[in-house]
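[1] I would like to see how this sequence folds:
(one chain, ligands or ions: 1)
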Amino acid sequence: MTLDTRSWDRHASWSEQVAVAKRPAMRLIRQMLQLKSGDRVLEVGCGTGWTLPALSAAVGPEGSVVAVDYSPAMVARAQARVAREGLSNVRVIQADAADMPLEPGSFDAVLAMYAISATRDVPAVVRAVHDVVRPGGRVFVMDVHLAPSTSPLARSLRWLYRRMYDWTGVNVLAELTSVFPEVTAVDGKGRRVERVPDAVPVMNALAIKNA
Ligand SMILES: C[S@@+](CC[C@H](N)C(=O)[O-])C[C@H]1O[C@@H](n2cnc3c(N)ncnc32)[C@H](O)[C@@H]1O
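    Below is the predicted model:
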């Protein structure tokens, strides 16, 4: 599939600005992925790469971080950040998350922040993520959760997402659950959530591949 990168290219500048507001999520990301020195981490749809300094530090010089995004403008910003901060264990590549040039089973952990829902083929991206993580590896996803909700807020956001980002409306949590044997929805503190409420427009999920 040929992807049109223009929509996300246009958002690269403000995405860089709003990333500051997402920094508190780093604590939950570290907790969920249980990163340790030497780990190999993949970030799907890294945008401007705001997570990369923290991921780089968490895996240390023995570890590695690969960040994938298909928007050239996002990739340029993420690469500039990597160069500016001297993150020698981080590589940023431009690729479609549904078709990544990566070895199967070659990552201990995968992160996707508001990225899987932004792709044109959510089921293919979820399968690709499952493919590249090693058996027993952990996948942490924060994403919009608009598909099943009928709340006025979710309906407005759905309209906005379709207009601004060509959002396909596929339910990311349901796709993860159909591919990974173990998926746990968690709240902002990492506590298990039995059922993600319909009225909540975002969700966090930890998926683990069969060991
Ligand atoms: C909402 S932004 C989130 C960016 C970043 N994770 C963050 O939290 O700031 C979604 C990102 O997904 C990227 N993206 C969309 N479709 C993609 C695809 N098929 N493959 C790789 N990246 C994609 C966009 O270019 C954009 O950078």
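
[2] if we look at the longest strand belonging to the chain, which residues are touching it?
    Longest strand in the chain, counting residues (DSSP state E): strand 133-144. Identification of contacts with strand 133-144 by Cβ atoms under 8 Å, 6 or more residues apart in numbering yields 25, 29, 32-34, 42, 105-117, 129-130, 157, 161, 167, 172-173, 176, 180, 201-211. Quick note: C-beta positions are derived from backbone N, CA and C, even for glycine.

[3] mind checking which of those are buried?
    25, 29, 32-33, 42, 107-117, 129-130, 157, 161, 167, 172-173, 176, 180, 201, 203-209 (16 or more other Cβ atoms under 10 Å).

[4] show me those that map onto helices.
    When the buried ones among the contacts of strand 133-144 are checked against helices (DSSP state H), the matches are 25, 29, 32, 33, 129, 130, 157, 161, 172, 173, 176.

[5] for the third one, give me the pLDDT.
    Okay, so that is residue 32. pLDDT for residue 32: 97.

[6] the closest residue to it other than its chain neighbours: neighbouring residues, count only.
    Using Cβ to Cβ, 6 or more residues apart in numbering and skipping the chain neighbours, the partner closest in space to residue 32 is residue 140 (4.1 Å). Neighbourhood size, residue 140 [other Cβ atoms under 10 Å]: 23.

[7] where do the strands sit along this protein?
    Using DSSP E, strands in the chain cover 40-44, 64-69, 90-94, 107-113, 133-144, 182-186, 202-208.

[8] so where's this protein shaky on pLDDT?
    Counting by pLDDT under 70, the ranges of the chain that qualify are 1-2, 199.

[9] got the contact list for the residue of it found nearest the ligand?
    Ranked by Cβ to the nearest ligand atom, the top residue of the chain for proximity to the ligand is residue 47, at 2.6 Å. Each residue near residue 47 by Cβ under 8 Å, 6+ apart is listed here: 12, 15, 19, 69, 74, 77, 78, 113, 115.

[10] hmm, the second one is touching residue 48, no?
    Going back to what we said before, that points to residue 15. Yes. With contact defined as Cβ atoms under 8 Å, residue 15 reaches residue 48; the gap is 5.5 Å.

[11] comparing those two, which shows the higher neighbour count?
    Per other Cβ under 10 Å, whichever of residue 15 and residue 48 has more neighbours is residue 48, with 26 against 19.

[12] dump the residue contacts of that one.
    12, 15, 16, 19, 74, 77, 78, 81.

[13] which of these lies closest to residue 189?
    residue 19 (21.4 Å; Cβ to Cβ).

[14] that closest one contacts residue 50, doesn't it?
    Yes. With contacts defined as Cβ under 8 Å, residue 19 counts as touching residue 50 at a distance of 3.7 Å.

[15] how much space between residue 115 and residue 144?
    To residue 144, residue 115 is 10 Å away according to Cβ to Cβ, to the nearest Å.

[16] for the most centrally placed residue in the chain, which non-adjacent residue is spatially closest?
    Most central in the chain under Cα atoms, centre = their mean is residue 112, positioned 1.0 Å from the mean C-alpha point. The shortest distance from residue 112 to any non-neighbouring residue, by Cβ to Cβ, 6+ apart, is to residue 44 (4.3 Å).
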